[in-house]
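Colleague: Return a 3D structure for these sequence lines:
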Amino acid sequence: MSDAAVTDQAEEETETAEQDEAREALVDSVRSHLGDAVVASEVMPGLDTHVRISNEAWGEAAQVVRYDLGFRYFCFLSVLDWLPSPFGRYLETEPETLQKAAAAAGDAELTPGICGADRRFQVFARVRNLTTNQMLCLRADTTSDEDPIAPTWVNTFAGAEWHEREAWEMFGVTFEGHPGLRNLYLPGDFEGNPLRKDFPLLARLVKPWPGIVDVEPIPAPPEPDEAAPQEDGS
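Modeller: Prediction:
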């Protein structure tokens with residue numbers, strides 16, 4: 001390895017270490033503002049910062065990161081479903097298999113990731129500080145698995161409105177205080193939440209899919225005509 005390469009590597013390691021120190025300091029700042037509402041945190045060296053907040057403080061956390069910590073840019077908000085897929089890697093199409101898998105979903109053990117989880121559904125959002133260029137991922141468990149609820153972020157980040165609508169539509173999480181939860185993509189009479197792990201994506205094979213269109217099969221090509229007998233030129 002050349003001297004220049006060694007120097008570049010050393011500079012990168014120093015820069016990464018400094019960034020990780022800034023990430024740790026960011027976690028401390030969040031904790032100093034929210035106290036015991038910070039349930040867990042994790043700094044991924046050289047990559048990212050994650051902080052898990054209690055459900056009750058989810059709305060307050062948005063205000064803290066924006067107005068106190070300078071994270072004014074809202075990136076996105078969505079939901080995590082920590083239930084292992086009851087259908088396995090590949091979905092079966094038999095109705096009986098689908099029904100058994102969906103029934104067993106309620107007894108499955110959760111497999112939470114970064115910062116852990118006590119509920120099946122977890123709201124998470126990403127914000128950015130445009131001055132320091134730091135990124136922060138916040139997450140919070142919903143109130144329950146049967147009727148998941150989380151406070152809205154719309155009052156702090158107006159851009160969260162459509163993200164929360166999508167999360168409500170796809171995961172069934174209600175955002176308390178949202179001005180108008182309604183479908184973005186699906187027809188109004190659609191049943192279920194398609195991004196839940198226990199939603200059978202092939203349910204269209206079990207009952208008619210809303211708005212389905214009958215498609216006629218492509219007609220078979222015509223049979224080739226038999227070759228006409230050649231006349232004897234003799």
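
Colleague: Now tell me what touches stretch 47-60 from outside.
Modeller: The contact list for stretch 47-60, computed with Cβ atoms under 8 Å, 6 or more residues apart in numbering, reads 23, 26-27, 30, 34, 36-44, 61, 114-117, 123, 134-143, 149-153, 155-156, 177. Placement of C-beta: from N, CA and C, glycine included.

Colleague: Which among those count as buried?
Modeller: 23, 26-27, 30, 34, 37-39, 41-43, 61, 114-115, 117, 123, 134-143, 150-153, 156 (16 or more other Cβ atoms under 10 Å).

Colleague: Mind checking which of the residues you listed land in helices?
Modeller: Those of the buried ones among the contacts of stretch 47-60 mapping onto helices are 23, 26-27, 30, 34, 61, per DSSP state H.

Colleague: Of those residues, which is the nearest to residue 190?
Modeller: residue 61 (31.7 Å; Cβ to Cβ).

Colleague: got a list of what the closest one touches?
Modeller: The contact partners of residue 61, taken as Cβ under 8 Å, 6+ apart, are 30, 34, 37, 53, 138, 140.

Colleague: And for residue 126?
Modeller: By Cβ under 8 Å, 6+ apart, the contact set of residue 126 is 75-77, 135-138.

Colleague: for residue 84, same thing?
Modeller: Residue 84 neighbours (Cβ under 8 Å, 6+ apart): 108-111, 197.

Colleague: Quick check, pLDDT for it.
Modeller: Note for residue 84: predicted pLDDT of 85.

Colleague: One more: the one 10 residues further on?
Modeller: Here the pLDDT value assigned to residue 94 is 52.

Colleague: now swap in residue 62 and tell me
Modeller: 99.

Colleague: what distance separates stretch 115-133 from the middle of the whole chain?
Modeller: 11 Å (Cα atoms, centre = their mean, to the nearest Å).

Colleague: got it, and stretch 131-144?
Modeller: How far stretch 131-144 lies from its chain's middle: 13 Å, per Cα atoms, centre = their mean.

Colleague: How about stretch 73-83?
Modeller: Remark: stretch 73-83 is offset 5 Å from the chain centroid, using Cα atoms, centre = their mean.

Colleague: hey, C-alpha coordinates of that stretch in CSV?
Modeller: Backbone C-alpha positions of stretch 73-83 (Å, rounded to 0.1, in the frame of the first residue of the first chain) are rendered in CSV as follows:
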residue,chain,number,x,y,z
TYR,A,73,-35.8,18.7,7.0
PHE,A,74,-38.4,15.8,7.1
CYS,A,75,-37.3,12.9,5.0
PHE,A,76,-40.0,10.3,5.4
LEU,A,77,-42.3,8.4,7.9
SER,A,78,-43.4,4.8,7.7
VAL,A,79,-44.3,1.8,9.8
LEU,A,80,-42.4,-1.5,10.6
ASP,A,81,-44.2,-4.7,11.1
TRP,A,82,-42.0,-7.0,13.2
LEU,A,83,-44.2,-10.0,12.8
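
Colleague: hang on, the earlier thing: just the buried ones among the contacts of stretch 47-60: which are in strands?
Modeller: In this view, the buried ones among the contacts of stretch 47-60 that belong to strands under DSSP state E are 38-39, 41-43, 123, 135-141, 150-151.

Colleague: So which residues of this structure form helices?
Modeller: With DSSP H as the criterion, the chain has helices at 3-34, 58-63, 95-104, 160-171.

Colleague: Out of the ones you listed, which gets the lowest mean score?
Modeller: Confidence, taken as mean pLDDT, is least for helix 95-104 of these (a mean of 54).

Colleague: that older thread, same list as before, the contacts of residue 61 that is, but in a markdown table and with distance to residue 83 included.
Modeller: Below are the contacts of residue 61 laid out as a markdown table (distance: Cβ to Cβ, whole Å):
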| residue | distance to residue 83 |
| --- | --- |
| 30 | 28 |
| 34 | 28 |
| 37 | 25 |
| 53 | 21 |
| 138 | 21 |
| 140 | 17 |
